[in-house]
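> build me a model from this:
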Amino acid sequence: MQKIQHPSNNAVLGAPAGWDQGHVPCSALPITRTEVDGMPTVVSFWRPTAEELAVLNAGGSVALWVAGTSMPPVMVEVDPQ
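Now for the predicted structure:
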């Protein structure tokens, strides 16, 4: 999937402090800082490639990877933009 610039984006995240770019590259990520029910949230937007869409349409799934040893509260959804 390709990260995309979304009309709601209002910030950019860089690699975490101390990140080893030589080991695993981490590029800038456009984000939207917002709130849901009073809880601060951060949203990034991704668009599947034609090949990924073909896999999804054939019954494939979306995998969410998080660096570390646990999974923070996350959500994946579809956005029409």
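> neighbouring contacts of stretch 52-64?
Outside stretch 52-64, the residues that touch it by C-beta atoms under 8 Å, 6 or more residues apart in numbering are 1, 48, 74, 76. The C-beta positions use only the backbone N, C-alpha and C, and glycine is treated the same way.
> repeat for stretch 14-32
3-6, 8-13, 42-45.
> out of those, who has the most neighbours?
residue 45 (19 neighbours; other C-beta atoms under 10 Å).
> now the strands for this protein?
2-4, 11-13, 29-36, 39-43, 45-47 (DSSP state E).
> on that earlier part again, now the two most distant members of the contacts of stretch 52-64.
48 and 74 (17.7 Å; C-beta to C-beta).
> between these two, which is the more surrounded one?
residue 48 (15 against 7).
> neighbours of the closest residue to residue 42 other than its chain neighbours, how many?
Sequence neighbours aside, residue 31 is the residue nearest to residue 42 in space, at 5.1 Å (criterion: C-beta to C-beta, 6 or more residues apart in numbering). When neighbours are defined as other C-beta under 10 Å, residue 31 has 19 of them.
> quick check: bridge partners of residue 31?
residue 11 (DSSP bridges).
> any idea how far residue 59 is from it?
Relative to residue 59, residue 31 is positioned 30 Å away (C-beta to C-beta, to the nearest Å).
> noted, bye for now.
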